[in-house]
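>>> take a look and give me a structure for this.
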Amino acid sequence: MRKYLWSIMVAFLLVGCSSTGENKFSASYVKAHVIPKQTTKAQVQAIYGVPDDQSADSGGEVRWEYKVGGNLSTAASLASYIPGAGAVSSALGMASTASDATDSASKASAKMSGNTEYRSDFLVITFGSDGIVDRWHM
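Now for the predicted structure:
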């Protein structure tokens with residue numbers, strides 16, 4: 001029972017931290033913070049953290065992909081492999097599910113209020129060989 005309560009507390013803490021502030025996956029937020037030919041890899045990482053996936057081509061372009069709740073899902077699956085970390089894995093899984101529910105509720109609320117701001121569940125940022133943002137898409 002004690003582990004269960006601890007798991008719930010961690011889940012609420014993680015969801016609370018992840019749901020504050022602006023929606024980082026809205027077009028207006030990305031336009032204001034990820035500026036082609038200006039924003040660096042370090043600045044993107046400071047905003048979005050470590051990418052959920054990344055690739056590079058032979059021309060030196062680097063592509064970073066971010067998914068809504070991607071880091072929580074990854075952490076939950078990794079924690080499940082650590083002996084004795086079942087409660088942490090469970091809490092992270094609950095936080096990921098709660099984050100998804102928050103996103104769905106936010107989209108439903110925007111739809112009801114007539115807010116047409118574009119939001120996405122993913123963001124792809126492409127950097128040139130100089131480490132500066134070349135382009136992005138959602």
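>>> please tell me how far the closest residue to S129 other than its chain neighbours sits from D134.
Residue nearest to S129 in three dimensions, not counting chain neighbours: G60, with 3.0 Å by C-beta to C-beta, 6 or more residues apart in numbering. C-beta: built from backbone N, CA, C; applies to glycine. According to C-beta to C-beta, to the nearest Å, G60 stands 10 Å off from D134.
>>> name the residues contacting each of these two.
Both G60 and D134 are in contact with G128, where contact means C-beta atoms under 8 Å, 6 or more residues apart in numbering.
>>> so which strand or helix has the residue nearest to S129?
Assigned by DSSP states H and E, G60 belongs to neither a helix nor a strand.
>>> just checking, it touches G128?
Yes: using C-beta atoms under 8 Å, G60 is in contact with G128, at 7.1 Å.
>>> what's the spacing between the residue nearest to S129 and D52?
22 Å.
>>> those two - which one has more neighbours?
Between G60 and D52, counting by other C-beta atoms under 10 Å, D52 is the more crowded of the two (18 against 11).
>>> hang on, T126 packs against I132?
No: between T126 and I132 there is no contact under C-beta under 8 Å: 10.4 Å.
>>> where does the residue lying closest to Q45 once chain neighbours are set aside land in three-state SS?
What sits nearest to Q45 in space, not counting adjacent residues and going by C-beta to C-beta, 6+ apart, is P51, at 7.9 Å. P51 falls in the coil class when you classify it by DSSP: H, G, I helix; E, B strand; the rest coil.
>>> same thing with R135?
Assignment for R135 (three-state DSSP): strand.
>>> and the closest residue to it other than its chain neighbours, what are its phi and psi?
The shortest distance from R135 to any non-neighbouring residue, by C-beta to C-beta, 6+ apart, is to T126 (5.1 Å). Here is the backbone geometry of T126 (degrees, to the nearest 10): phi -110, psi 130.
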